[in-house]
Every structure is written in structure tokens, then in C-alpha cells.
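[1] all I have is the shape, not the residue letters:
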């Protein structure tokens, strides 16, 4: 008796070989394990009972199904988005009227659908089913692409008469779904090997990455991707925390020939930076031939990001009863991004395998087995695992594609209803994946801030982020400004995930208060200063807090007011009280400059009566500091006065004679 472990056995399964001494024969037994029985894995299953009809065909109803991509909705209790593929179709190449590779589409107007559902009580609670839309809002379709725009060479029929269908530039065979941090969906397409960026709310395509750019929404991918084997284009799409999109081709491309695609093991994995549309390519190596499973039989089923460098991937194959369905963890951190399509005169696909590629200095993506689906309760009747999602660090979900429950074994357009169902498998893992949640959100600590004119305010994005980028280009946690407006900031966490928010800064004008010009009054008068109505608070220089102030003495009087916005305004006036009314009557004009002055003041007398005048410099309390005689000899005269010996501050300059008095406020700075 010999035990052959699956990694050494010819069919990839555990085998037990027994010899019979009497008969001289050998018997081989396949040992199927179920790792959910020993607690290594846990399993929950949820079956979808189709109930939404698509079309009645050959006396039976074809229902929605064909799930080919899966995305877990973060923060929910087992809620998912799933995307179906191009719709129900049947091989018709063997029909007498066929002239090439032909498919019959029982519902030609079908558009691939996005289904939202909740897995509960062993079944799917369908919440919504919505079609993908082309630019402009009309529905997309599942029909093949035109020549020159990604055609697979397939001819589409509506019936076997045949009614030939026109290829559609916005046809899509959707095979994967993921959401980015900006609230967009991304789908990958098996037809043209394209990647669609789609508005999550409307499901209208915003941008398409394709090796066959023809439309305004198209962005070019490397031309070699267009060499994909027909209907073996992109099969999985993933979004990483640092904002990159990854997609992987289902099988090696026919580059340059079909024979190369059938025998090679190297598959292209594309990285897209949505911010710049920059594209890089990595290389993944498929499994080798395994018993009856040929190299060409291996397929990628789906792809989902674990973190910025690691991904989970489904790789499976089935032929002649040999069946392998594995979940791998792959790592691009040590892989080499391709910089050329020429490998010693060969294409990537002609190089064939990882060891050959290493000779050119290119390392492939590393892979390690996470678990074998066939050892985890996978029902073989569910055939193709084509949807993969991560729920948390130790829980993943896998779903099968039921091909809408139809097949065409004869390949002549006749349809057989298979009864194949769709099942969601949720697996609990023993070991954590190292999962980093790819989406992040951010709310600025204060959404609206206020300040007063001329008063700087510090906007704070909050601590704990690896990087900051404000709308003015600054990169600090804080931004100091005095200008009103909307300020946005992008924060980046340690995983590279970016999120943004904005705050509005309102700048209130300063309140205006006007006490009037500097004033002369006599001892016979009373002056009431009024700061104006409507302010929240008042504070006069004498400490009083009313709207008005009665003035009886010479001095400088100021008031500070505060309005409803907390903004402060102030004004000051000098009031001089003189002894008689006649002192107010002064003839001529006198200018004082500069004012403010650093010390040297020029007095210009115009139309003054010649004679002697007295110049008195007083502080704001009216205390005399300087007394000097000035002789005016003409009606137009300028005389300098040096006050540089006095400290900085506010003063009152008084010039008078027996005919009157002139008073002016002077500031020394």
C-alpha cells in the first residue's frame, strides 16, 4: 500500500495505491478530504433560487444568473454586489447555417446586470438588479465587439434562421466587480480584455481601458493584451488600499499564435493608476500540466486584493474527470514590472514559463496555496468558481457561475436546460490573511470655521495620517490663512489609502465704529461720543461699557466694540477742552506734515496774519510738554519743529495767538 500526496500525484488529488498479491493487480483510490470537518476551515452556503425571468426559449424560462464577479459590501452583514456575464448564449458553430465561430443569444437585448443581495438563512435575498449603461445612459449589451475594437471573431445570432446580430462597440462580457474609494465600480471584461470604470449610482460607464481604443471614453492598454485568447480576456479585477486597480487575464494570450497560447504558462496582470492612467504589467505563472489537464485548460477565476502587494486568486481546471480548484495567495512585491515586449526576439508568451523569464531579469508573481476548494465542501456540480471576495481578515466568499442554467452540448444552437444552480460559499480560515481594508473615509474635524477680517486662523486636518495635501498645495497637518473660501485636504493613511474632505472658512468684516474727527470744545460745552448702535459689547477707554460717553476733559478717548460674530472694531478721538469760546475762532490754514512723524514736523502757515504765535505740545491728557514762540512774517510760510526728543505716542499740538487757537492731533512713531 502506497499513499501518494496530492502535490506528488498525477491528478493533483490524494491517492492510495493497493497491490493484490493474489491477483497481481494494483488498485488506485482517490482520497477526498473535507477540511471543514476538522475545523481547519468553516463553511456556510447560500443558494440562489432564480426567479427573475430573462426570456422564454424553447418552451422554458431562462432566469437571471451567470454570476461571474463578487464584491463584499463593507460593514454589512453578508451583503454583496455580484455581476453577471454577457447573458445567456448557446454555441451554434455546428449549425448548418454557421460560417464560423457562432453563438446564439436567446435575448439579444440583454444587458449584463449588477445584483445586490444579502446572504441569509441559506439563500439569497435579492435587493436590486440593475443593468450596466453605456455613455449617454442607454443600456450596454452582451453582444460581441466589432472588428478593430476587440472582436473575438464570434458571429452572434438571435435565432437559427439565422438573424445575424450587429456587433456592439459597448458590448461587455463582464467577469469581475470591485468598488474604489471614490464610490465608483470597476468591472473587467472578457471580450476585449477591457476594464470599465462605472458610476456606482447610475451604472453608466465613465472610462474604459482597452487595447483597442476607439471611443472618447477609452484609454489605451498595451496592444499585446489584445492578443488574448478569444473569451479568455480579463477575469478578475481588484482595488488596493493605495488606490491602484489590478486586473488579470484568464489564460496566456495567443501571442503571436494560438499554439503559443495553448502551451505557455505566463499570464499578464495589469496595474492601473486611475489618477494618471499609468499602466504597468506583471507576470503570473499558471500551473503546469496535471494528468489529463493540459496547460491550456487552466483558468483564472477571479482576483481580490489582500493589501497593496498581496492578492487572492482562484485558479482552476477540469478535463476528463480531472478537476482542480484552488485558492492562491499571490505577492507582487518581489515581481518585476515589464519594461519591454521583446525577450530575445520572443514575446512574453513564447518565453513560456517563469524560469525562462528569469533569464531576462524578470521575476514572476509569487504564489502559495491557501486551500483547495475540493477539500472544503465545493460541490463539483457548481463547476466554475468565478467570484471571489474578502469579508474580513479570516473570512472569504466564493461563488460559482451557473451559465444561466443552459448549455448547448451539440453546439448547434439547441439549448439544454441544465438545472445548474448558483451557490455562495463563505469560508472561515484558520490563519489570517494580512488583510488591509482597501477603502477609507475621512471627515475634517471642523466643517465650517469662522474668523474676523485680518485675523489668521489655523485649519487642522487632524493627526494620525502619513501624508496631507491641501488645496493650496501645502503638505502639513495644518494650514494658516486669513482668506475666506473652501479648503479641501487629501489625507493618506499608512496603507496608502487616500480620502478627502473640505472645510469652509467664513471671514466676517470688522465692525465699523466712528467717533468723528478730533474735536475742540469750550468749557461751556458738553460733548457726547456715540459708538453707534447694534453691537454686542462696548468698552471705553475709561472702562465704561455703554454705547455713549460724555466728555468733559481734554484727552484721547477710545472705544472697542464687539459684534455678533465676535469681531472687534475700535476708534479713537482726541478732545481738547479750551477755556473760552473765542479761542475757537482762528483764521488762516495750517498744515502739519508728515503725520505720523519720526520727529521732524513741518508746519505750513497759509493766510495767517503776520505776528507772534505760541506753540504748545501737550500729551493726550492736556499736560503741556513744550512751549515755544513762533514768528510768522508772511502769509505763506513753512517752519520746521524738531520733536525727536519726545517718546513715541499721541500728542496734541496747539498754536494760538490773541486772535484764536489751532489744534491738531500728532502722532510720533
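    The structure has been received and is ready for your questions. Bear in mind that the values here come from a model prediction, so they are computed numbers and not experimental data.
[2] residue 315: which element?
    In this structure, residue 315 sits in strand 310-319 according to DSSP states H and E.
[3] okay, now the domains of the protein?
    32-428, 448-508, 519-576, 585-668 (automatic domain parsing).
[4] now stretch 141-155: buried residues?
    By neighbour count on 16 or more other C-beta atoms under 10 Å, the buried set for stretch 141-155 is 141, 142, 143, 144, 145, 146, 149, 150, 151, 152, 154, 155. Bear in mind the C-beta positions are built from the backbone N, C-alpha and C, glycine included.
[5] wait, stretch 459-474
    459, 460, 461, 462, 465, 468, 469, 470.
[6] check stretch 552-565 too.
    554, 555, 556, 557, 558, 559, 560, 561, 562, 563, 565.
[7] which strand or helix spans the fifth one?
    Meaning residue 558. Counting by DSSP H and E, residue 558 is part of strand 555-562.
[8] still on that earlier bit, same list (the buried residues of stretch 552-565) but as a markdown table, adding pLDDT.
    Output for those, formatted as a markdown table (pLDDT from 0 to 100):
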| residue | pLDDT |
| --- | --- |
| 554 | 82 |
| 555 | 85 |
| 556 | 88 |
| 557 | 92 |
| 558 | 94 |
| 559 | 97 |
| 560 | 97 |
| 561 | 98 |
| 562 | 98 |
| 563 | 97 |
| 565 | 96 |
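[9] which pair in those spans the largest distance?
    554 and 565 (35.3 Å; C-beta to C-beta).
[10] ok, which stretches of the stretch 551-669 of the chain are helices?
    Read by DSSP state H, counting those that start in this stretch, the stretch 551-669 of the chain holds no helices at all.
[11] again, but for the stretch 151-300 of the chain
    With DSSP H, counting those that start in this stretch as the criterion, the stretch 151-300 of the chain has helices spanning 258-263.
[12] residue ranges with poor pLDDT in it?
    The model of the stretch 151-300 of the chain has no residue with pLDDT under 70.
[13] and what of the chain?
    524, 579-587, 621.
[14] at 80 instead, please
    Within the chain, the ranges that satisfy pLDDT under 80 run 6-13, 20-24, 27-30, 32, 520-525, 577-588, 620-622, 658-664.
[15] residue 195 reaches residue 238, doesn't it?
    No. Between residue 195 and residue 238 there is no contact under C-beta atoms under 8 Å: 10.9 Å.
[16] what is in contact with those two at once?
    Counting by C-beta atoms under 8 Å, 6 or more residues apart in numbering, the shared contacts of residue 195 and residue 238 are 245, 247.
[17] who does the nearest residue to residue 597 once chain neighbours are set aside form a beta bridge with?
    Excluding its sequence neighbours, the residue lying closest to residue 597 (C-beta to C-beta, 6 or more residues apart in numbering) is residue 668, at 6.0 Å. For residue 668, the residues forming beta bridges with it (DSSP bridges) are residue 597, residue 649.
[18] ok, residue 668 - contacts?
    Contacts of residue 668 by C-beta under 8 Å, 6+ apart are 596, 597, 598, 599, 643, 646, 647, 648, 649, 651.
[19] give me the neighbour count for the fifth one.
    Here the number of neighbours of residue 643 (other C-beta atoms under 10 Å) works out to 18.
[20] got it, and the last one?
    Taking other C-beta under 10 Å as the criterion, the count of residues near residue 651 is 22.
[21] any idea how far residue 127 lies from residue 180?
    Distance of residue 127 to residue 180, computed by C-beta to C-beta, to the nearest Å: 21 Å.
[22] between these two, point out the one with more neighbours.
    Per other C-beta under 10 Å, whichever of residue 127 and residue 180 has more neighbours is residue 180, with 18 against 12.
[23] what's across from the closest residue to the more buried one other than its chain neighbours in the sheet?
    Spatial nearest neighbour of residue 180, chain neighbours left out: residue 239 (5.2 Å); criterion: C-beta to C-beta, 6+ apart. For residue 239, the beta-bridge partners under DSSP bridges are residue 245.
[24] burial measure for residue 239, as a count.
    The local packing of residue 239 (other C-beta under 10 Å) involves 21 other residues.
[25] buried subset of the contacts of residue 668 as a ChimeraX selection?
    Those of these that count as buried under 16+ other C-beta under 10 Å are selected in ChimeraX with:
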select :597,643,651
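[26] just the strands in the stretch 101-250 of the chain please.
    For the stretch 101-250 of the chain, the strands defined by DSSP state E, counting those that start in this stretch cover 102-104, 113-120, 123-131, 155-157, 174-179, 184-189, 195-199, 205-210, 218-220, 234-239, 245-249.
[27] would you turn these into a markdown table with distance to residue 483?
    Below are the strands of the stretch 101-250 of the chain laid out as a markdown table (distance: least, C-beta to C-beta, whole Å):
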| stretch | distance to residue 483 |
| --- | --- |
| strand 102-104 | 62 |
| strand 113-120 | 44 |
| strand 123-131 | 44 |
| strand 155-157 | 60 |
| strand 174-179 | 36 |
| strand 184-189 | 33 |
| strand 195-199 | 34 |
| strand 205-210 | 33 |
| strand 218-220 | 37 |
| strand 234-239 | 37 |
| strand 245-249 | 37 |
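[28] nearest to residue 370, of those strands?
    strand 234-239 (15.1 Å).
[29] how far out from the middle of the chain is the closest one?
    Between the centre of strand 234-239 and the centre of its chain there are 18 Å (C-alpha atoms, centre = their mean, to the nearest Å).
[30] okay, the buried residues of stretch 141-155 in JSON lines with distance to residue 450 next?
    Formatted as JSON lines, the buried residues of stretch 141-155 follow (distance: C-beta to C-beta, whole Å):
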{"residue": "141", "distance to residue 450": "53"}
{"residue": "142", "distance to residue 450": "55"}
{"residue": "143", "distance to residue 450": "57"}
{"residue": "144", "distance to residue 450": "60"}
{"residue": "145", "distance to residue 450": "56"}
{"residue": "146", "distance to residue 450": "58"}
{"residue": "149", "distance to residue 450": "55"}
{"residue": "150", "distance to residue 450": "55"}
{"residue": "151", "distance to residue 450": "61"}
{"residue": "152", "distance to residue 450": "61"}
{"residue": "154", "distance to residue 450": "64"}
{"residue": "155", "distance to residue 450": "67"}
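[31] residue 656: which of these is nearest?
    Nearest to residue 656 among the buried residues of stretch 141-155, with distances taken as C-beta to C-beta, is residue 149, at 97.6 Å.
[32] residue 214 is in contact with that closest one, correct?
    Yes. Contact criterion C-beta under 8 Å: residue 149 and residue 214 qualify, at 4.9 Å.
[33] let me know whether residue 295 touches residue 261 as I believe.
    No. Counting by C-beta under 8 Å, residue 295 stays clear of residue 261, with 9.4 Å between them.
[34] which neighbours do the two share?
    Jointly contacting residue 295 and residue 261 under the rule C-beta under 8 Å, 6+ apart are residue 252.
[35] not counting its neighbours along the chain, what's nearest residue 254?
    Nearest to residue 254 is residue 261, by C-beta to C-beta, 6+ apart, at 3.7 Å.
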